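Q: here is a sequence together with a model predicted from it:
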Amino acid sequence: MKTKSRSFRYGYNAGDLVSSALSGWLFMNLVYLIVTIASGEGLETLHSGVQTYMRKFLTVAVYAAVTVFFVIVFAEVIALSKNGRRVLSVFLLSEYVVFSVLTALDLPGSVSEIAFLAAVIVFLIPILLYVASAFRESDGEDPIVPADKPRAPFSFVLIFGGAVACVFGGMVAAIGVMRYLGYSAPNFDFGIFCQMYADMAKTGTPVTTVERDGLLSHFSVHTSPVLYLLLPFYYLFRTPITLAIGQAVILYSGVVPLLLIGRRRGLSNPLLVLLLIAYAAYPAIGTGCFYDFHENCFLLPLLLWTFWFSECRRPIPFYIFALLTLSVKEDAFVYLAIYAVFLFFGEKRWKTALPLMILSLGYFLLVSHLMKQNGEGVMSWRYSNLLPSGESGLLGVVVTVFTQPGYVLTQIFSSSARDAGKFKYIGALLLSLGGLPCVSRKPSRWILLTPLLLNLLTMYVYQPNINFQYSFGIIAFLFYAATLNLSDLSARARSFTVGSLVFSAAACVVAFSLLVAPMIPANADHMKAWKDRHDTITETLAKIPNDASVAATTFLVPHLSKHAELYETYYHTASGLIKTDCDYYVFDLRYGSDDRQESQINRLKSNGYREVFRDDDAILVLTRLPAASDPFTP
């Protein structure tokens, strides 16, 4: 006789699965905290750094086993009890509160109490949202009313979006161009890409000598095949100016997929216009270009296009753009993995989420293996604060997060400079959008904010800073989350919606006006005041034969990028030894010459180099070539 299988009478969804797993994981961490306190060792030992005893296989296995056990138990509780979900939510909240209190009892002196409290609150919010959703009666919920359908012609919004992108993108491009023309763009990170593209236009390979003071492929440092997308344009216009303009075009092309996502989600034309203004004037996009060109610029539009094709349920272009996103950098897999988690738990689209997760992890494992064998490996050292001494690899970071969440909480808002840098960073990203990425009662929406942790968990000071390129991928998630949240707000919250978006657009315009726009007159004034010096430098550099090997100071490197053998003097003489393998040494004298540089110059002269041109306000050129073959000699 067949017996009927038991079903989940009261339902069991992806959110319950995550909550059950988190409950089991927190339970094990509570056990370790209590054991540590009972043993008299003190929590400061546990939270002052990454502990190797927490990384043993048995420890990780016990954590995993208890987590699975809790998932099974709560699945039964929720399936068989009407109040099962409420029990789980309250139990999870209680665990987290007790865990946070115990962790705070004996924080290391190096950890700011405010930073720790902020980290606790960040993770407390989605748990509270889950508790609220568990206790909310289904028949008492406010209906979600879709936003008004566009009334005015959509072509107006499209044209407007293109116009604002051209205006703000044009200003960002102008800054990049003026930095190059004004000899203000350094080798890192502009000169390396200038030489790389010059070589790609000749040979098709991304080879540089200036990046690591020797001949190597840029892909040994970062695997970025996506850079080839810009090569046809550089091939037609072989100048570093192409890179400065191209980066701005790439970044601000993101208005198109953002506009399409907003329209599909039912945002009215006025809301779309405000959203596009916020995107175009978003300060972190403009300031992220302050240190010139980076492959990260591709992340923003490619991720938005990936989200758009996912929304449309168009698998072929979806996976094409997912692959393009992966090709930006070896660590780009994290963004797609996070999106896969969101699709699985937030959208219940496991048929899309699982292949995307497998693709992302598979690509990363392949690329990291190739980089380890043929390059410098993945830059896991940026998360050295989450790795014990002598250990490397992102897997070690995952183990630390899994086994020492208390220590991880102490790192989120702490900085190596012990300042409020990470708070300012979060404020710049979220407040510019009026907090809209956070305005949702769906706990799963907070998954879209987890990319922020990529820049918060590191002590590498440049990542949690909007003046660098590390926020472009995060910005894509923030605008996507803001768009989804706007479309979900009920009719009674519509005035709040419009008000928040008006504030966001205005805040972005003001921030752009204060942080980005002033760079245009500043660079213009610099170019005008130093025109004679720059003309002298340009004329002097033009005399150096294209086939000559050159070592130059940082701001001169981009202008010498067509030389196949090019080095930056700072790194070429970093060991203290004077290398005599270059035909020319070129020094920028606009800002004077310090003792280190003067010592280099004197030692070069004593090793056979002679001075062929010097302008104390502009440039110095030394060469080892005989006078007969030197173009500087009359």
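A: Sure thing, it's come through. Numbers count the residues shown, from 1 in each chain.

Q: did I read that right, residue 587 in a helix?
A: No: counting by DSSP: H, G, I helix; E, B strand; the rest coil, residue 587 falls outside a helix, being strand.

Q: beta-bridge partners for it, please?
A: Using DSSP bridges, the bridge partners assigned to residue 587 are residue 620.

Q: that one and residue 551 touch, don't they?
A: No: no contact is recorded between residue 587 and residue 551 when judged using CB atoms under 8 Å, the distance being 9.4 Å. In this view, the C-beta of every residue, glycine as well, is placed from N, C-alpha and C.

Q: neighbour count for the two, which is higher?
A: It is residue 551, of residue 587 and residue 551, that has more neighbours when counted by other CB atoms under 10 Å, with 30 against 20.

Q: how close does the more buried one get to residue 187?
A: Distance from residue 551 to residue 187, counting by CB to CB, to the nearest Å: 11 Å.

Q: any common contacting residues for the two?
A: residue 568 (CB atoms under 8 Å, 6 or more residues apart in numbering).

Q: and the helices in the stretch 201-350 of the chain, which stretches?
A: 231-236, 240-252, 255-264, 269-280, 283-287, 299-311, 315-326, 333-345, 350-374 (DSSP state H, counting those that start in this stretch).

Q: residue 18: which of the ones you listed is closest?
A: helix 333-345 (5.9 Å; CB to CB).

Q: lowest-pLDDT helix or strand in this protein?
A: Here the helix or strand of the chain ranked lowest by mean pLDDT, DSSP states H and E is helix 43-47, holding a mean of 52.

Q: could you look up the next helix or strand downstream of that one?
A: Per DSSP states H and E, the first helix or strand lying C-terminal to helix 43-47 is helix 57-80.

Q: dump that next one to CSV, keeping only the CA atoms.
A: What follows is helix 57-80, C-alpha atoms only, in CSV (Å, rounded to 0.1, in the frame of the first residue of the first chain):
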residue,chain,number,x,y,z
PHE,A,57,39.0,20.9,9.0
LEU,A,58,37.1,19.5,12.0
THR,A,59,36.0,22.9,13.1
VAL,A,60,34.6,23.8,9.6
ALA,A,61,33.0,20.4,9.3
VAL,A,62,31.2,20.8,12.7
TYR,A,63,30.0,24.3,11.6
ALA,A,64,28.6,22.8,8.3
ALA,A,65,27.0,19.8,10.0
VAL,A,66,25.2,22.0,12.6
THR,A,67,24.0,24.4,9.9
VAL,A,68,22.5,21.5,7.9
PHE,A,69,20.9,20.1,11.0
PHE,A,70,19.2,23.4,11.7
VAL,A,71,17.9,23.6,8.1
ILE,A,72,16.3,20.2,8.4
VAL,A,73,14.8,20.8,11.9
PHE,A,74,13.3,24.2,11.0
ALA,A,75,12.0,22.8,7.7
GLU,A,76,9.9,20.4,9.7
VAL,A,77,8.9,23.0,12.2
ILE,A,78,7.7,25.4,9.5
ALA,A,79,6.0,22.7,7.5
LEU,A,80,4.0,21.4,10.4
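
Q: re earlier: list residues touching both of residue 587 and residue 551?
A: Shared contacts of residue 587 and residue 551 (CB under 8 Å, 6+ apart): residue 569.

Q: nearest spatial neighbour of residue 456, skipping sequence neighbours?
A: Using CB to CB, 6 or more residues apart in numbering and skipping the chain neighbours, the partner closest in space to residue 456 is residue 412 (4.9 Å).

Q: give the contact list for that neighbour.
A: Going by CB under 8 Å, 6+ apart, residue 412 touches 115, 118, 119, 122, 422, 453, 456, 457.

Q: which residue packs closest to the fourth one, ignoring adjacent ones?
A: When the adjacent residues along the chain are set aside, residue 122 lies closest to residue 412, with 7.2 Å between them (CB to CB, 6+ apart).

Q: and the pLDDT at the one you found?
A: Confidence at residue 412, expressed as pLDDT, is 85.

Q: do the same with residue 124
A: 84.

Q: follow-up on the earlier one: ranking by neighbours, what's the top pick from the contacts of residue 412?
A: Using other CB under 10 Å as the neighbour test, the contacts of residue 412 are led by residue 422, with 24 neighbours.

Q: in what helix or strand does that one lie?
A: Taking DSSP H and E as the criterion, residue 422 maps to helix 421-431.

Q: other residues contacting that helix?
A: Residues outside helix 421-431 that contact it (CB under 8 Å, 6+ apart): 115, 118, 283-284, 412-415, 437-438, 452, 455-456, 461, 464-466, 471, 474-475, 478, 507, 511.

Q: can you tell me which of these are buried?
A: 115, 118, 283-284, 412-415, 437-438, 452, 455-456, 464-466, 471, 474-475, 478, 507, 511 (16 or more other CB atoms under 10 Å).

Q: before we move on, back to that, dump the helices of the stretch 201-350 of the chain into TSV; add distance to residue 20 and mean pLDDT as well.
A: Shown next, in TSV, are the helices of the stretch 201-350 of the chain (distance: least, CB to CB, whole Å; pLDDT from 0 to 100):
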stretch	distance to residue 20	mean pLDDT
helix 231-236	49	94
helix 240-252	41	96
helix 255-264	32	93
helix 269-280	36	91
helix 283-287	36	94
helix 299-311	27	96
helix 315-326	29	95
helix 333-345	12	94
helix 350-374	17	92
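
Q: who wins for proximity to residue 561 among those helices?
A: Across the helices of the stretch 201-350 of the chain, closest to residue 561 is helix 240-252 (CB to CB), at 6.4 Å.

Q: check which helices and strands the closest one is in contact with.
A: helix 154-181, helix 192-203, helix 231-236, helix 299-311 (3 or more CB pairs under 8 Å, 6 or more residues apart in numbering; DSSP states H and E).

Q: quick one: distance of the second one to the chain centre.
A: The chain centroid and the centroid of helix 192-203 are separated by 25 Å under CA atoms, centre = their mean, to the nearest Å.

Q: got the domain boundaries for this structure?
A: 14-138, 154-378+413-521, 530-629 (automatic domain parsing).

Q: residue ranges for the helices of the stretch 501-634 of the chain, please.
A: Going by DSSP H, counting those that start in this stretch, the stretch 501-634 of the chain shows helices at 519-529, 531-542, 569-572, 595-606.

Q: return the most buried member of the ones you listed.
A: Among those, helix 569-572 has the highest mean neighbour count (mean count of other CB atoms under 10 Å), at a mean of 20.

Q: contacts for it, please.
A: Residues outside helix 569-572 that contact it (CB under 8 Å, 6+ apart) are 213, 551, 552, 553, 554, 579, 582, 585, 586, 587, 597, 600.

Q: roughly how far is it from the heart of the chain?
A: From the chain centre to the centre of helix 569-572 is a distance of 28 Å (CA atoms, centre = their mean).

Q: can you check stretch 209-226 too?
A: Offset of stretch 209-226 from its chain centre (CA atoms, centre = their mean): 20 Å.

Q: can you pull the poorly scored residue ranges out of the stretch 401-550 of the chain?
A: Where the stretch 401-550 of the chain drops to pLDDT under 70, the residues are 416-419, 490-496.

Q: so where do the strands sit in it?
A: Remark: strands assigned in the stretch 401-550 of the chain by DSSP state E, counting those that start in this stretch are 550-552.

Q: circling back: closest to residue 497 out of the contacts of residue 412?
A: residue 122 (23.7 Å).

Q: so which strand or helix has that closest one?
A: helix 113-135.

Q: CA atoms only: put that helix into PDB for me.
A: The C-alpha trace of helix 113-135 is given here as PDB (Å, rounded to 0.1, in the frame of the first residue of the first chain):
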ATOM      1  CA  GLU A 113      33.100  50.700  19.300                       C
ATOM      2  CA  ILE A 114      31.100  52.900  16.900                       C
ATOM      3  CA  ALA A 115      32.400  51.000  13.900                       C
ATOM      4  CA  PHE A 116      31.400  47.700  15.500                       C
ATOM      5  CA  LEU A 117      27.900  49.000  16.400                       C
ATOM      6  CA  ALA A 118      27.400  50.200  12.900                       C
ATOM      7  CA  ALA A 119      28.300  46.800  11.500                       C
ATOM      8  CA  VAL A 120      25.900  45.100  13.900                       C
ATOM      9  CA  ILE A 121      23.100  47.400  12.800                       C
ATOM     10  CA  VAL A 122      23.800  46.800   9.200                       C
ATOM     11  CA  PHE A 123      23.100  43.100   9.600                       C
ATOM     12  CA  LEU A 124      20.300  43.600  12.200                       C
ATOM     13  CA  ILE A 125      18.100  45.400   9.700                       C
ATOM     14  CA  PRO A 126      17.400  42.500   7.300                       C
ATOM     15  CA  ILE A 127      16.800  40.200  10.300                       C
ATOM     16  CA  LEU A 128      14.200  42.600  11.600                       C
ATOM     17  CA  LEU A 129      12.600  42.700   8.200                       C
ATOM     18  CA  TYR A 130      12.400  38.900   8.200                       C
ATOM     19  CA  VAL A 131      10.800  39.000  11.600                       C
ATOM     20  CA  ALA A 132       8.300  41.600  10.500                       C
ATOM     21  CA  SER A 133       7.400  39.600   7.400                       C
ATOM     22  CA  ALA A 134       6.900  36.500   9.500                       C
ATOM     23  CA  PHE A 135       4.400  38.300  11.800                       C
END
